[in-house]
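Student: From the sequence below, what's the structure:
(one chain, ligands or ions: 1)
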Amino acid sequence: MRIEGIHHRSIGLTEDGRYVQVIDQTRLPHEVVFERLDSLSQAASAIKEMRVRGAPLIGATAAYGIWLALRDDPSDEMLDSANELLLSTRPTAFNLQWALDRVSAKVRPLPPSLRADAAFHEAGLICEEDVAINRAIGAFGLPFIKDAWERLGRRRAVNVLTHCNAGWLATVDFGTALSPVYLAHDEGIPVHVWVDETRPRLQGALTAWELASHGVPCTVITDNAGGLLMQKGQVDLCLVGTDRTTAAGDVCNKIGTYLKALAAKDCNVPFLVALPHPTIDWTVFDGVSDIPIEDRDSDEVTNVHGLTSGGQLSSVRPFPGETNVVNPAFDITPAGLVTALVTDRGVCSATTEGLLSLFPERQGRSSPKGEPRQ
Ligand code: MRU
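Tutor: Below you'll find the predicted structure:
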């Protein structure tokens, strides 16, 4: 992703290589502020307060968080407490647990003096692999956009609807759901994106910002507008990300995704999910029963954050002070509503069989919390 002509990843190291550097996403799209993470507690608070966000980026940040922790204290106790703290930041995105398990498995058998370097190395690998995963998802997702363009007789741009932000900002680079969109645009296929605003935190603003920075035409819509656009034939495909996908193909993603999938089914619009393999929770089949849904602060719903007419970042409260609020951050789209999973290994149906056809090494290796559906 280019900012003022310079290519940036969403996470990297400071110039001296001694600290982690991220972009504070709570200040976007209004200002680009790079934040230095010096310690475990800073990495944990960046995830919890959503200065970094998006399942793959949360995982990468947590991996570096282990490095920062072990650099200060490479003991078993620190490894345990760092894992516990980071895991508690955001419960839904599976990449967090995946990254922590992966780094811990590498460093725990080592003598303490070697642990920090090993964690650093593993975090770097996780970042490089994320970039490769997203490029692969782009390549496997591109034919859906190309085919839509052919079906349209190349007469108008392909209209893609997306929810939340599953782009460059949610990953180390390229994004998952937006990766095929960027590829299509770069290949000269006209593509236009309907961007759900994504209340309450308005990640649609991030999506609109990064699409515009790449030159991809897009239009922001309210979260409730997609159904009408689908009924009127103005959406050719839906393309979303995922925070955790079960071994049966149920997809947990940002709240509101499920309603889009229902509308897509009713309107015969393909509903595609971009799925990096570290997001698959092979231990769970039934998403509704077994995926922990993050319950976030009521302030996110009662307050709206943005720029004042004077150009200051501020928040206002459209609701009365005593309003009751619940704020679940994610929902489950049952596998039956998902047209296809676009993974880094290829495209498959949202079924256990489909997933196992791409990940045969998982056959018989999951220890399911629930039974696969018949
Ligand atoms: O709460 P967020 O902003 O972290 O939620 C992000 C999403 O729901 C994304 O769609 C998901 O993480 C996939 S990102 C590649």
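Student: Show me what from the stretch 1-150 of the chain comes close to the ligand.
Tutor: 53-56, 93 (C-beta under 6 Å from any ligand atom). The way it works is simple: take the backbone N, C-alpha and C, and place the C-beta from them, glycine included.
Student: dump the residue contacts of the residue nearest to Leu178 when sequence neighbours are not counted.
Tutor: Nearest non-adjacent residue to Leu178, counting by C-beta to C-beta, 6 or more residues apart in numbering: Gly167, 3.7 Å away. By C-beta atoms under 8 Å, 6 or more residues apart in numbering, the contact set of Gly167 is 174-175, 177-178, 206-207, 210-211.
Student: ok, which pair from these is furthest apart?
Tutor: Within these, Phe174 and Leu206 form the most distant pair, 14.5 Å apart (C-beta to C-beta).
Student: that older thread, with the contacts of Gly167 in mind, which one is nearest to Thr339?
Tutor: Ala177 (13.5 Å).
Student: Confirm for me that the closest one is in contact with Leu275.
Tutor: No: in this structure Ala177 lies outside contact range of Leu275 using C-beta atoms under 8 Å: 9.6 Å.
Student: after the helix or strand Ser113 falls within, next one along is what?
Tutor: Assessed by DSSP states H and E, Ser113 sits inside helix 112-151. Next helix or strand after helix 112-151 toward the C-terminus (DSSP H and E): strand 158-162.
Student: Which single residue in the stretch 101-250 of the chain comes nearest to the ligand?
Tutor: Gly241 (2.7 Å; C-beta to the nearest ligand atom).
Student: roughly how far apart are that residue and Trp149?
Tutor: 22 Å (C-beta to C-beta, to the nearest Å).
Student: With neighbour numbers in mind, choose between those two.
Tutor: Using other C-beta atoms under 10 Å, the more surrounded residue of Gly241 and Trp149 is Gly241, with 30 against 19.
Student: Domain-wise, how is the chain divided?
Tutor: Per the record, the chain has its domains at 2-129, 135-362, by automatic domain parsing.
Student: Is it possible to get a markdown table of those domains that adds mean pLDDT?
Tutor: Formatted as a markdown table, the domains of the chain follow (pLDDT from 0 to 100):
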| stretch | mean pLDDT |
| --- | --- |
| domain 2-129 | 97 |
| domain 135-362 | 97 |
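Student: From the contacts of Gly167, which land in strands?
Tutor: Of the contacts of Gly167, none are assigned to strands by DSSP state E.
Student: Please name the residues that touch the residue nearest to Ala55 when sequence neighbours are not counted.
Tutor: Of all residues not flanking Ala55 in the chain, Ala93 sits nearest, at 3.8 Å (C-beta to C-beta, 6+ apart). Taking C-beta under 8 Å, 6+ apart, we find Ala93 in contact with 54-55, 58-59, 243-244, 279.
Student: Relative to Val316, which of those residues is nearest.
Tutor: Set against Val316, the nearest of the contacts of Ala93 by C-beta to C-beta is Gly54 (26.2 Å).
Student: Helix or strand: which one has Ile66?
Tutor: helix 55-72.
Student: Name the residues of that helix that are buried.
Tutor: Applying a neighbour-count criterion of 16 or more other C-beta atoms under 10 Å, one finds 55-71 buried in helix 55-72.
Student: Could you name the helices and strands sitting against that helix?
Tutor: In terms of contacts (3 or more C-beta pairs under 8 Å, 6 or more residues apart in numbering; DSSP states H and E), helix 55-72 is packed against strand 11-13, strand 20-23, strand 34-37, helix 40-48, helix 76-87, helix 94-107, helix 112-151.
Student: Please save the CA atoms from stretch 276-284 in PDB.
Tutor: Once non-C-alpha atoms are left out, stretch 276-284 reads as follows in PDB (Å, rounded to 0.1, in the frame of the first residue of the first chain):
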ATOM      1  CA  PRO A 276      -6.600 -17.300   4.900                       C
ATOM      2  CA  HIS A 277      -5.800 -20.800   6.300                       C
ATOM      3  CA  PRO A 278      -4.700 -19.400   9.800                       C
ATOM      4  CA  THR A 279      -8.300 -18.300  10.200                       C
ATOM      5  CA  ILE A 280      -9.700 -21.800  10.100                       C
ATOM      6  CA  ASP A 281     -10.600 -23.200  13.600                       C
ATOM      7  CA  TRP A 282     -10.500 -26.900  12.900                       C
ATOM      8  CA  THR A 283     -11.700 -27.700  16.500                       C
ATOM      9  CA  VAL A 284     -15.100 -26.100  15.900                       C
END
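Student: Now tell me what touches it from outside.
Tutor: Here stretch 276-284 has contacts from 55-56, 59, 93-95, 98-99, 130, 133-134, 137, 171, 176, 242-247, 290-291, 343-345, 355, 359, 362, 365-370, using C-beta under 8 Å, 6+ apart.
Student: and if you look at stretch 26-33?
Tutor: Counting by C-beta under 8 Å, 6+ apart, 3, 23-24, 49-51, 169, 205-206, 208-209, 306-307, 313 sit against stretch 26-33.
Student: for stretch 206-223, same thing?
Tutor: Applying C-beta under 8 Å, 6+ apart, the external contacts of stretch 206-223 come out as 1-3, 25, 28-29, 157, 162-165, 167-169, 175, 178, 181-182, 185, 191-199, 204-205, 229, 256.
Student: That stretch: which residues count as buried?
Tutor: 206-211, 214, 216, 218, 220-221, 223.
Student: Next, the distance between the ends of that stretch.
Tutor: Start-to-end span of stretch 206-223 (C-alpha to C-alpha, to the nearest Å) is 15 Å.
Student: Can you tell me how far the closest residue to Leu356 other than its chain neighbours is from Ser357?
Tutor: Nearest non-adjacent residue to Leu356, counting by C-beta to C-beta, 6+ apart: Gln363, 5.6 Å away. As defined by C-beta to C-beta, Gln363 lies at a distance of 10 Å from Ser357.
Student: Can you pick out the residue with more neighbours from the two?
Tutor: Ser357 (14 against 10).
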